[in-house]
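Novice: can you look at this prediction? I've put the sequence above it.
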Amino acid sequence: MEQSETEAIVSAQRGHFESGATRDIEYRRQGLVRLRDAVQANRGRLVAALKEDMGKPAWEAYLADVGTVLSEIDLAVEMLEAWTEPRRVRTPPYLIPASSSIRPEPLGVALIIGPWNYPFDLVASPLIPALAAGNCAVVKPSELAPATAGVTAEIIASAFDPAYVTVANGDHRVASALLEQRFDHIFYTGSGTVGKIVMEAASKHLTPVTLELGGKSPCIVEPDVHVWHAARRIAWGKYFNAGQTCIAPDYLLVNAAVKKDLLAALRRAVKAFYGDDPAKSPDYARIVNERHFERVLRLIEGDVVVGGESDRDSLYIAPTIIDNVTPEHPAMAEEIFGPVLPVIEYESLDEAIRFVSEREKPLSLYLFTRDSGKKDRVLAEASSGGTCVNDTMLHFSNSALPFGGVGASGFGKYHGRFGFDTFSNLKAVVERPFWQDVYLRYPPYLKMTGAVRRIIRHVF
Ligand code: NAD
């Protein structure tokens, strides 16, 4: 994509924004409804495209790329008026008579750049609050999921004039060309390495950014758990989309007292989910491309107790568990982003908390325990973008919760009202009537009476 093309896209959108059309709440509502209708009409094509891009099982595709988007749209349509209304807040006595409010206003033109693993959800879910908040948007899906990127472009083109919302498909050169332009917000989901490039480009225009990044999300298991339920919930989170999920449990920290039972239950869960040969299961995805296939394969070494098999032609890597992993193991050097679960044993919860806290802050942290004291300790002492207690990944699906990282796993939040606020300027407004004025605030200050000075000295 030529520089002149990206310039033309952004300039058309800026013109549309400045026309004031998107300030109208009904205009925004109609846009969201058109988006919902277009997603509904194309849901079968989306599921098929996701199958083509990474062998995504139909149910996983529907759940994580279509269902999530439809429910975010429904919530935004339902809450649009409430979110856009001025929010009255307290006015301190020294400002009285006055009233104070927060008035959300749109930012302008937003750029949304997405990754390949949930290639529709991770551009559509930020687009919804961008539109609800009254912005125009340019969407750049990942080139590594080309079939989904194609359907995404068609969905958007059928629902919107390109001066309002448009898709710019292509590789990183398209993203770079777009990043040359001045946007009013950039919402990026992907790796930290590219996140730094995005942030640097944004800094040239002082454009605010949201960075939804990844990292190594730990899963801590204490001995007091229901082992079978814990194993199934961990295996589901790990092997959903063949582990290519930013919030998948990356590695297991398991108390020595329960490790043997948990590993046996995990082996049983994998078999219950995918049968004796997961390669034949319709419910198990493939690795997105050869580069990632090679990368994940290189992490499988040592004490492989489940899986380990692979097939280059179909980009298949079996659900795999590696026991007795040390911090120096290659699987602990980077985010795994594949169906490989390294297992590290610990003796005390202190040790587990220290292990997590010594590393970069993760996007998610999972804790399995029935002990509320242990739960409170982990929640208080180990930082993460989000947490599930006694489950994995489900916090993502609750739009009442903010979703996003902390530290190296990113910054800025979205989902539900949090997304609306991310794409808004929360303008602070104080309103005063004319019927009263305190002359003390005006110079010359020395005109204050002695009594007033004494009061001020007493108060401050
Ligand atoms: P990626 O960084 O390779 O690519 C993401 C997007 O960036 C693509 O659209 C790509 O075209 C663009 N891009 C690539 N190189 C670029 C460059 N030099 N300049 C500008 N844009 C460029 O990420 P990925 O491999 O697609 O995604 C995997 C990562 O994303 C993992 O780390 C994962 O944890 C993370 N992730 C995070 C979330 C979240 O919600 N926090 C969700 C999914 C994935």
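Specialist: Structure's in. What do you need? Residues are numbered from 1 along each chain as shown.
Novice: for the ligand, give me its nearest residue in the chain.
Specialist: residue 214 (1.9 Å; CB to the nearest ligand atom). For the C-beta atoms, the positions are set from N, CA and C on the backbone; glycine is no exception.
Novice: helix, strand, or coil at that residue?
Specialist: coil (DSSP: H, G, I helix; E, B strand; the rest coil).
Novice: wait, what's in contact with residue 100?
Specialist: Residues near residue 100 by CB atoms under 8 Å, 6 or more residues apart in numbering: 88-91, 428-431.
Novice: top of those by neighbour count?
Specialist: residue 91 (16 neighbours; other CB atoms under 10 Å).
Novice: so for residue 263, what's the nearest residue that isn't a sequence neighbour?
Specialist: residue 305 (6.2 Å; CB to CB, 6 or more residues apart in numbering).
Novice: mean confidence for the helix or strand where the one you found lies?
Specialist: Per DSSP states H and E, residue 305 falls inside strand 303-306. Average pLDDT, strand 303-306: 98.
Novice: report the buried residues of that strand.
Specialist: 305-306 (16 or more other CB atoms under 10 Å).
Novice: hmm, residue 202 is touching residue 181, no?
Specialist: No - contact criterion CB atoms under 8 Å: residue 202 and residue 181 do not qualify, at 10.7 Å.
Novice: ok so, going back, ok, now which ones touch the residue of the chain closest to the ligand?
Specialist: Contacts of residue 214 (CB under 8 Å, 6+ apart): 191-192, 246, 335, 337, 363, 409.
Novice: for the residues you listed, which two are the farthest from each other?
Specialist: Using CB to CB, the pair of the contacts of residue 214 lying farthest apart is 337 and 409, separated by 13.3 Å.
Novice: of those two, which one has the most company?
Specialist: residue 409 (28 against 24).
Novice: ranges for the strands of the stretch 51-200 of the chain?
Specialist: 87-89, 99-106, 109-113, 136-140, 165-167, 185-189 (DSSP state E, counting those that start in this stretch).
Novice: actually the stretch 251-400 of the chain, sorry about that
Specialist: Going by DSSP E, counting those that start in this stretch, the stretch 251-400 of the chain shows strands at 251-255, 303-306, 310-311, 316-317, 320-323, 340-346, 364-368, 386-389.
Novice: now, which of the contacts of residue 214 lie close to the ligand?
Specialist: Filtering those for neighbours of the ligand using CB under 6 Å from any ligand atom leaves 191, 246, 335, 337, 363.
Novice: the fourth one reaches residue 292, doesn't it?
Specialist: In other words, residue 337. Yes - proximity of residue 337 to residue 292 meets the contact threshold set by CB under 8 Å, at 7.2 Å.
Novice: now do the same contact list for the closest residue to residue 296 other than its chain neighbours.
Specialist: Excluding the flanking residues, the one nearest residue 296 by CB to CB, 6+ apart is residue 338, at 3.4 Å. Listed by CB under 8 Å, 6+ apart, the contact set of residue 338 reads 242-244, 287, 292, 295-296, 299, 317.
Novice: same question, residue 355
Specialist: Going by CB under 8 Å, 6+ apart, residue 355 touches 218, 253, 327, 344, 346.
Novice: please check those and keep the buried ones.
Specialist: By 16+ other CB under 10 Å, the contacts of residue 355 give 218, 253, 344, 346 as buried.
Novice: who's in contact with the last one?
Specialist: For residue 346, the contact set (CB under 8 Å, 6+ apart) comprises 253-256, 352, 355.
Novice: how about residue 105?
Specialist: Applying CB under 8 Å, 6+ apart, the residues contacting residue 105 are 134, 424-425, 427.
Novice: swap in residue 144?
Specialist: Contacts of residue 144 (CB under 8 Å, 6+ apart): 53, 115-116, 119, 288-289.
Novice: need the buried ones from the contacts of residue 214 selected in PyMOL.
Specialist: The PyMOL selection below is limited to those of the contacts of residue 214 classed as buried (16+ other CB under 10 Å):
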select buried, resi 191+192+246+335+337+363+409
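Novice: out of the contacts of residue 214, which is nearest to residue 389?
Specialist: residue 363 (16.2 Å).
Novice: my read: the closest one touches residue 409, true?
Specialist: Yes - using CB under 8 Å, residue 363 is in contact with residue 409, at 3.9 Å.
Novice: what residues are shared contacts of those two?
Specialist: Joint contacts of residue 363 and residue 409 (CB under 8 Å, 6+ apart) are 213-215, 384-385.
Novice: between the residues you listed, which has the most around it?
Specialist: Going by other CB under 10 Å, residue 214 tops the shared contacts of residue 363 and residue 409 with 28 neighbours.
Novice: backbone phi and psi for that one, please?
Specialist: Backbone torsions of residue 214, given as degrees, to the nearest 10, read phi -120, psi -140.
Novice: how close does it sit to residue 396?
Specialist: Applying CB to CB, to the nearest Å, the value for residue 214 to residue 396 is 13 Å.
Novice: the ones next to the ligand among the contacts of residue 214 in helices, which ones?
Specialist: Judged by DSSP state H, helices contain none of those.
Novice: what bridges to residue 322?
Specialist: Taking DSSP bridges as the rule, residue 322 bridges to residue 304, residue 342.
Novice: tell me the contacts of it?
Specialist: Counting by CB under 8 Å, 6+ apart, residue 322 makes contact with 300-305, 329, 331, 340-343.
Novice: those also near the ligand: which ones?
Specialist: Counting by CB under 6 Å from any ligand atom, no member of the contacts of residue 322 is near the ligand.
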